[in-house]
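S.K.: Sequence plus the predicted model coming up.
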Amino acid sequence: MSNATISTIDPESLDLLMSRTFDAPRDLVWQAWTDPNMLMRWICPHGFSVMYAKIDLQVGGGWSTAMRHSDGDEYFMEGTYREIDPPRRLVMTHKWMGENRPETDPLKDGLITVDLVEIGGKTLMTFRHAGLPSIESREDHRGGWNGAFDHLNELVRTQTPEVADRSILLSRTVRAPKEVVFAAFTEPEQIGKWWGPNGFTTTIHEMDVRPGGVWRFMMHGPDGTDYPNRITYIEVDRPNRLVYDHTDDQEEPHIHFRATVEFQEDDKGETTVTLHTVFGSPEALAEVMKFGAVEGGRQTLGRLSEFVDSLNS
């Protein structure tokens, strides 16, 4: 079964109907829809980051979320739960709020229905967004939800319920063999040229890529703020896998998270980089989410891809 989104278009209907299969158990996909710590990590299109997500999971209870585009514009959504049948079905109203509503925004509440069916350990999700006012609105929402479901797929693909509420999972396919991509991750003369979100630069103090070895570096933000960092390598399997702890750069460092980076090369010679970071608690994850941790991670992997592309130009 493919995890690609399948859209059904009925020319007589303005409802948006989509289905997608996730390589994850139904309980985990349900949690991603109903746990605010998980919802805020995926419910936005490409190019956006989620500012917050609030959930009162009861019939008649409300939900709300906000997202920020890379250009700084902010968008707000809210609704009310109409039906809750865990982990099978979720029905809720949907409405755009605020002055930055999309131009095709319906003035009345829409209705979202999510049905989840588990098949062989995977989850088939059927998604319907009813009440859209025009074909243009339907197609705009199709693109937005498609991007959000890409993020949802990233979130649930390799997580377990034990760590799902305190971890971030990101991936990016880079057009180069994994030996080249692994080198870009582990050689100081390369990683210093791309590491960090857009607008950041990095000064490397030391980098010893071996189990027990340390990478110390300073990240410089676009506003001039410096951020000291320290990474201690736990596992180094060239060119397949890295595991490390990210900490404060202090004599007795505090561990922020453990990261696992995997490099998988396909038959076209391209490499999918999967970055899985696990925090100590949901609260610790929620704290970094306030500062755009997910979008920052996506930008970092995007800069990796651009840097590797530049090596071939």
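M.R.: Perfect, thanks for sending it.

S.K.: in the protein, which residue is closest to the centre?
M.R.: In the chain, the centroid-proximal residue (C-alpha atoms, centre = their mean) is His151; its distance is 4.7 Å.

S.K.: Flag every buried residue along the longest helix that the chain contains.
M.R.: In the chain, taking DSSP state H as the definition, the longest helix is helix 135-156. Going by neighbour count (16 or more other C-beta atoms under 10 Å), the buried part of helix 135-156 is 137-138, 140-142, 144-156. Placement of C-beta: from N, CA and C, glycine included.

S.K.: Ok, stretch 160-172 next?
M.R.: For stretch 160-172, by 16+ other C-beta under 10 Å, it's 164-172.

S.K.: And stretch 221-230, by the same measure?
M.R.: Buried-residue list, stretch 221-230, by 16+ other C-beta under 10 Å: 229-230.

S.K.: which non-adjacent residue is nearest Phe241?
M.R.: Rather than Phe, residue 241 is Arg. In space, and not counting its chain neighbours, Arg241 is closest to Glu262: 5.3 Å by C-beta to C-beta, 6 or more residues apart in numbering.

S.K.: Relative to Glu179, how far out is that neighbour?
M.R.: According to C-beta to C-beta, to the nearest Å, Glu262 and Glu179 sit 14 Å apart.

S.K.: likewise Arg166?
M.R.: From Arg166 to Glu179 the distance is 32 Å (C-beta to C-beta).

S.K.: wait, doesn't Val59 sit right on Arg82?
M.R.: Yes: using C-beta atoms under 8 Å, Val59 is in contact with Arg82, at 6.8 Å.

S.K.: Confirm Met125 sits in a helix?
M.R.: No: assessed with DSSP: H, G, I helix; E, B strand; the rest coil, Met125 is strand; it does not lie in a helix.

S.K.: got any ranges where this protein has weak pLDDT?
M.R.: Within the chain, the segments meeting pLDDT under 70 span 1-12, 100-108, 158, 249-255.

S.K.: the helices in it, which residues?
M.R.: Under DSSP H, the chain gives helices at 26-34, 36-39, 135-156, 178-186, 188-191, 282-289, 293-311.

S.K.: of the ones you listed, which approaches Pro86 most closely?
M.R.: helix 26-34 (5.9 Å; C-beta to C-beta).

S.K.: So Leu275 sits against Val294, correct?
M.R.: No: taking C-beta under 8 Å as the definition, Leu275 is not a contact partner of Val294, at 10.8 Å.

S.K.: Could you tell me how far the closest residue to the residue nearest to the centre of the chain other than its chain neighbours is located from Thr203?
M.R.: In this structure, His151 finds its nearest non-sequential neighbour in Trp42, 3.8 Å apart by C-beta to C-beta, 6+ apart. Distance check for Trp42 against Thr203: by C-beta to C-beta, it reads 33 Å.

S.K.: So what would you say the end-to-end distance of stretch 41-52 is?
M.R.: From the first residue to the last, stretch 41-52 extends over 9 Å; the measure is C-alpha to C-alpha, to the nearest Å.

S.K.: what comes into contact with it?
M.R.: 32, 39-40, 53, 64-70, 74-75, 143-148, 150-152, 154-155, 168, 289, 292, 294-295 (C-beta atoms under 8 Å, 6 or more residues apart in numbering).

S.K.: ok, now which ones touch Leu285?
M.R.: Applying C-beta under 8 Å, 6+ apart, the residues contacting Leu285 are 37, 165-168, 279, 293.

S.K.: I misspoke; the intended subject was Leu170.
M.R.: Counting by C-beta under 8 Å, 6+ apart, Leu170 has contacts 154, 274-276, 294, 297-298, 301.

S.K.: repeat that for 6 Å
M.R.: 275, 297 (C-beta atoms under 6 Å, 6 or more residues apart in numbering).

S.K.: again, but for Arg26
M.R.: Contacts of Arg26 by C-beta under 6 Å, 6+ apart are 87, 116, 118, 123.

S.K.: Same check on Thr202?
M.R.: Thr202 touches 192, 195-196, 217, 219, counting by C-beta under 6 Å, 6+ apart.

S.K.: Any chance of those in JSON lines with neighbour count as columns?
M.R.: What follows is the contacts of Thr202, written out as JSON lines (neighbours: other C-beta atoms under 10 Å):
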{"residue": "Gly192", "neighbour count": "15"}
{"residue": "Trp195", "neighbour count": "20"}
{"residue": "Gly196", "neighbour count": "21"}
{"residue": "Phe217", "neighbour count": "21"}
{"residue": "Met219", "neighbour count": "16"}
